[in-house]
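**Student:** generate coordinates for the sequence data below:
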Amino acid sequence: MTFLFEFTPLVIIIVILAFVFELLDASLGIGFGTVLTPILLVIGLPVSKVVPSILLAELLAGIIAMIFHTLLKNVKLGSRKIFRRKGKRKRRARKKPTKSSDANLPETSSLKEEAKTLDLLEIEELEGEEFIIEDEEEFIPADGEELEEITIKNKSIIFKLKNLTTDTKVIILLSIVGILATIIAAILNVLFDYNDWFNFSVKIYIGIMVFSMGVLVLAFRNKEMKLPMRRILGLGILAGFNKGISGGGYRPITVAGQLLSGRKSRNALASTTFSKTVICFVGILAYILTHIIQNLHAGIPITWEYLELAPYLSLGTIVAAPIGAFITKSADSKKLKMAIGWATIVLGVFSIIKLSLLRAGIWDKIPPFVEILESFS
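**Tutor:** Numbers count the residues shown, from 1 in each chain. Here you go, the predicted model:
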C-alpha cells in the first residue's frame, strides 16, 4: 500500500482520526477500535491491515495511558496501607439533655423540641486501634489524631491477595477472565465457522447491549451501589467473550458495567485501560505469531506489511493518551459519569445503524474516501 507514503493528506487524516478517537476512548470509554475501524474501511483501507494496526496502536497508547493514570493517581495499585491510631481523637456524638435542663424551657417553646437531642463533643481514647486505608487522599484524620503506618511481617498469600486495593483486584480479574474469554470465543469462532447471520446477530446483540448499558448508567447515575467482585467477574467474562467473538464491545461494556457496580468514573476508566492493554498485548502477539507460523509453513518470507498503518495510528494515540488521563483526573465525577452514559448510548446506536446498513448492502456501496479524492484530482 505505497499510496500511504505518496498521499500525505491521507496520512494526516489517519493521524487526526486516531488522536480524536483515542482521546474519546481514554476519557469517555467510547470504544477506539469499535468506531475507528469502520471509518478506516470507508476511507478505503483493507481490513487485513486495519485490525492488527489498531491493536498495536491501542497497545502503545495503553502503555502510555497506564503510566499517566498511575502518576495522576486515577488508579490505586498495590496493597492497602495499614495504620495504627495514636493519641486521642474528637468524635461528635448525640446525647439527650438532662431533665433539669429540659425543665427550664417553657412548654410551648420550640426550643424544648430541639433540646431533646444535643450535639456534644466527646473525647475517645483510640490509641492502638488498627485500620486499613485504600485511598489516602480521601482520608481526613480527625482533630488531634495521629497515625502511624505499620508493617505486618510473615503475611500469607491469602492475606496479600485480600489486602490488594480494589483497583488492583479489578484489573487482575478483568485481565485474566478477559484473556480467557477472548481466546475461547476466538477458538469457537474458528471451529464452528459461524455463518453471516450468526455474526450479524452477535454484533447486533452487542450494539443493543452497549446502548442499554448507557441508558442504565444515566438512569442510576445518582444511586450509590456496592461493588461485589462476582459482578466484576461476570463483567470480564461477558466483555472478553464479546471481543473474542466480534472484535469489539470490550471497553464500553466494562466501563459502564463498573459504573453500575458502584465504581467511580476515573477508577473505572483507568482500570479498564490497564486490563484492555493486557488483552491488546495478547491479541497482537497472537496475530504476529500466527502470521509468522503461516509464512514459515508456506515457505514465504516474513513481512510486516500488515502493520503499515500502525506508525500513523500510534502517533495519534500516543499523543492523545496522556491528555485523556488528565481529563479523567480533572473532570467532575458526576459530569464524567453522565458523559460516559451518553457516549455509550451514541456508540450503541452507531453500531446498530452501521450493522443494519452493512446487512442491507448499503454500507458496501459507500465509495471509499480515497476514490472520492481521486475523482477530484
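**Student:** pretty sure Ile302 sits against Asn295.
**Tutor:** Yes: Ile302 is within contact range of Asn295, at 5.0 Å (criterion: Cβ atoms under 8 Å). C-betas here are computed from N, CA, C, even on glycine.
**Student:** which one of those two is surrounded by more residues?
**Tutor:** Comparing Ile302 with Asn295 by other Cβ atoms under 10 Å, the one with more neighbours is Asn295, at 13 against 10.
**Student:** mean confidence score for the helix or strand hosting the more buried one?
**Tutor:** Taking DSSP states H and E as the definition, one finds Asn295 inside helix 265-298. The average pLDDT within helix 265-298 is 86.
**Student:** quick one: contacts for Ile63?
**Tutor:** Thr277 (Cβ atoms under 8 Å, 6 or more residues apart in numbering).
**Student:** please confirm that it is located within a helix.
**Tutor:** Yes: secondary structure of Ile63 (DSSP: H, G, I helix; E, B strand; the rest coil): part of a helix.
**Student:** what about it, distance to Ile340?
**Tutor:** Using Cβ to Cβ, to the nearest Å, one gets 23 Å for the distance from Ile63 to Ile340.
**Student:** equivalent analysis for Asn163, please.
**Tutor:** As for Asn163, its distance to Ile340 is 30 Å (criterion: Cβ to Cβ).
**Student:** follow-up on the earlier one: can you list contacts of the helix or strand just after the helix holding Asn295?
**Tutor:** The helix or strand immediately downstream of helix 265-298 is helix 310-330, counting by DSSP H and E. With contact meaning Cβ under 8 Å, 6+ apart, helix 310-330 is reached by 4, 11, 14-20, 22-23, 25-27, 32, 52-54, 56-58, 60-62, 64-65, 68-69, 72-74, 265-266, 269-270, 336.
**Student:** this protein: strands as residue ranges?
**Tutor:** 81-95, 118-125, 130-133, 145-149 (DSSP state E).
**Student:** hey, least reliable of these by pLDDT?
**Tutor:** Looking at those, the bottom one is strand 118-125 with a mean of 44.
**Student:** still on that earlier bit, the more surrounded of Asn163 and Ile340?
**Tutor:** In terms of neighbours (other Cβ under 10 Å), Ile340 is the more surrounded of Asn163 and Ile340; the figures are 27 against 17.
**Student:** residues touching the more buried one, list them.
**Tutor:** By Cβ under 8 Å, 6+ apart, the neighbours of Ile340 are Leu28, Gly29, Gly214, Val217, Val255, Ala256, Leu259, Ser265, Leu269.
**Student:** and it, what's its pLDDT?
**Tutor:** For Ile340, the predicted pLDDT is 81.
**Student:** going forward, begin numbering at 26 instead of 1
**Tutor:** I'll keep to 26 as the first residue from here, and by that count the last item is Ile365.
**Student:** gap between it and Pro277?
**Tutor:** Taken as Cβ to Cβ, the span from Ile365 to Pro277 is 9 Å.
**Student:** any stretches of the stretch 126-275 of the chain with poor pLDDT?
**Tutor:** 126-180, 210-221, 223-224, 249-252, 269-273 (pLDDT under 70).
**Student:** now do 90
**Tutor:** Along the stretch 126-275 of the chain, the parts satisfying pLDDT under 90 run over 126-192, 194-195, 198-275.
**Student:** ok, Ser226 - contacts?
**Tutor:** Shown here is Ser226, which makes no contacts under the criterion Cβ under 8 Å, 6+ apart.
**Student:** how does the protein divide into domains?
**Tutor:** 28-102+189-401, 106-177 (automatic domain parsing).
**Student:** ok so, going back, list just the nearest of the contacts of Ile365 to Val371.
**Tutor:** In terms of Cβ to Cβ, no member of the contacts of Ile365 lies closer to Val371 than Gly239, at 7.8 Å.
**Student:** Val202 against Gly261, yeah?
**Tutor:** Yes: shown here, Val202 and Gly261 form a contact pair, counting by Cβ under 8 Å, at 3.7 Å.
**Student:** more neighbours: these two, which one.
**Tutor:** A direct count of neighbours by other Cβ under 10 Å for Val202 and Gly261 places Gly261 higher, at 27 against 21.
**Student:** got a list of what that one touches?
**Tutor:** Neighbours of Gly261 in contact, by Cβ under 8 Å, 6+ apart: Leu198, Leu199, Ser200, Ile201, Val202, Gly203, Ala206, Thr279, Ser300.
**Student:** by neighbour count, which of the residues you listed wins?
**Tutor:** In these, the most neighbours by other Cβ under 10 Å go to Thr279, 30 neighbours.
**Student:** if I look at that residue, how far off is Ser200?
**Tutor:** Counting by Cβ to Cβ, the gap between Thr279 and Ser200 amounts to 11 Å.
**Student:** touching both of the two, which residues are there?
**Tutor:** Counting by Cβ under 8 Å, 6+ apart, the residues touching both Thr279 and Ser200 are Gly261, Ser300.
**Student:** what residues sit buried inside stretch 342-354?
**Tutor:** Buried residues in stretch 342-354, counting neighbours by 16 or more other Cβ atoms under 10 Å, are found at Thr342, Ile343, Val344, Ala345, Ala346, Pro347, Ile348, Gly349, Ala350, Ile352, Thr353, Lys354.
**Student:** kindly report the same for stretch 353-370.
**Tutor:** Thr353, Lys354, Ala356, Leu361, Lys362, Met363, Ala364, Ile365, Gly366, Ala368, Thr369, Ile370.
**Student:** which residues touch the last one?
**Tutor:** For Ile370, the set of contacting residues under the criterion of Cβ under 8 Å, 6+ apart consists of Phe236, Gly239, Val240, Leu243.
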